[in-house]
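Novice: next come a sequence and a model predicted from it.
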Amino acid sequence: MRVIGFDPGLRRTGWGVVDVTGSKLAHVANGCCESGEGDLALRLARLHREIERVIETFAPDCAAVEHTFVNKDAAGTLKLGQARAISLLVPAQRGIPVAEYAPNAVKKAVVGVGHAEKAQIQHMVRMLLPGVHFGSADAADALAIAICHAWSAGAGARLGAALERRA
């Protein structure tokens, strides 16, 4: 199974792709989609095109997006929500299932602590994906989101199989 994770942002949306075989994870790629400067509508359109390009290039089987919580101000929160919507929309348009995770759930899944610091997340991503290099915290967070989903999806599949065997 190939999983893509998104850490949404209006300026930069981090993305990370991992392959999952059983309980083994393998890094495929990661990076950031940047919206540039200008009017909001143009920035959102750029973000849409960039995420489309990533989806086309890496052909994930499923996607995971981090939930957004309130920012410092309402206008910033609204803009972030619009960027997040693009991260949800593009995979959904291609028929790719999309899951959503709260930041604390991602941190707990990857680090073991729901209030982990960025440095702890990056350290654990490096441990879980040996040899991985990422150019930004956004890409590292996106990989953590993909890992969280990979493990959650795997656990769900094992539970479903166990329930079927029992029935």
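Specialist: Looks like it arrived, so ask away.

Novice: for the rest of this, base every contact and every neighbour count on C-alpha atoms.
Specialist: Noted.

Novice: show me where this structure has helices.
Specialist: 40-58, 74-93, 103-110, 118-128, 137-166 (DSSP state H).

Novice: quick one, which of those helices is nearest to residue 20?
Specialist: When the helices of the chain are compared by Cα to Cα, helix 137-166 sits nearest residue 20, at 6.7 Å.

Novice: what does the model give the closest residue to residue 126 other than its chain neighbours for pLDDT?
Specialist: In space, and not counting its chain neighbours, residue 126 is closest to residue 132: 6.0 Å by Cα to Cα, 6 or more residues apart in numbering. Looking at residue 132, its pLDDT is 96.

Novice: quick one: neighbours of residue 132, just the number.
Specialist: 15 (other Cα atoms under 10 Å).

Novice: thinking again about what came up before, so which of the helices of the chain comes closest to residue 67?
Specialist: helix 103-110 (6.7 Å).

Novice: run the angle between that closest one and helix 118-128 for me.
Specialist: Here helix 103-110 runs at an angle of 40 degrees relative to helix 118-128 (axes from the mean of the first three to the mean of the last three Cα atoms, to 10 degrees).

Novice: wait, doesn't the residue nearest to residue 126 sit right on residue 123?
Specialist: No: Residue 132 is beyond contact range of residue 123, at 10.6 Å (criterion: Cα atoms under 8 Å).

Novice: mutual contacts of those two, please.
Specialist: Residues within reach of residue 132 and of residue 123 at once, by Cα atoms under 8 Å, 6 or more residues apart in numbering: there are none.

Novice: quick revisit: how about TSV for the helices of the chain, with mean pLDDT added?
Specialist: Converted to TSV, these look like this (pLDDT from 0 to 100):
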stretch	mean pLDDT
helix 40-58	97
helix 74-93	91
helix 103-110	93
helix 118-128	94
helix 137-166	75
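
Novice: out of the ones you listed, which gets nearest to residue 23?
Specialist: Comparing the helices of the chain by Cα to Cα, helix 137-166 comes nearest, at 7.7 Å.

Novice: on that earlier part again, closest one to residue 10 among the helices of the chain?
Specialist: That would be helix 74-93 among the helices of the chain, by Cα to Cα, at 5.2 Å.

Novice: check which helices and strands the closest one sits against.
Specialist: Here helix 74-93 touches helix 40-58, strand 62-66, strand 98-101, going by 3 or more Cα pairs under 8 Å, 6 or more residues apart in numbering; DSSP states H and E.

Novice: how about a cut-off of 10 Å?
Specialist: In terms of contacts (3 or more Cα pairs under 10 Å, 6 or more residues apart in numbering; DSSP states H and E), helix 74-93 is packed against strand 2-7, strand 12-21, helix 40-58, strand 62-66, strand 98-101.
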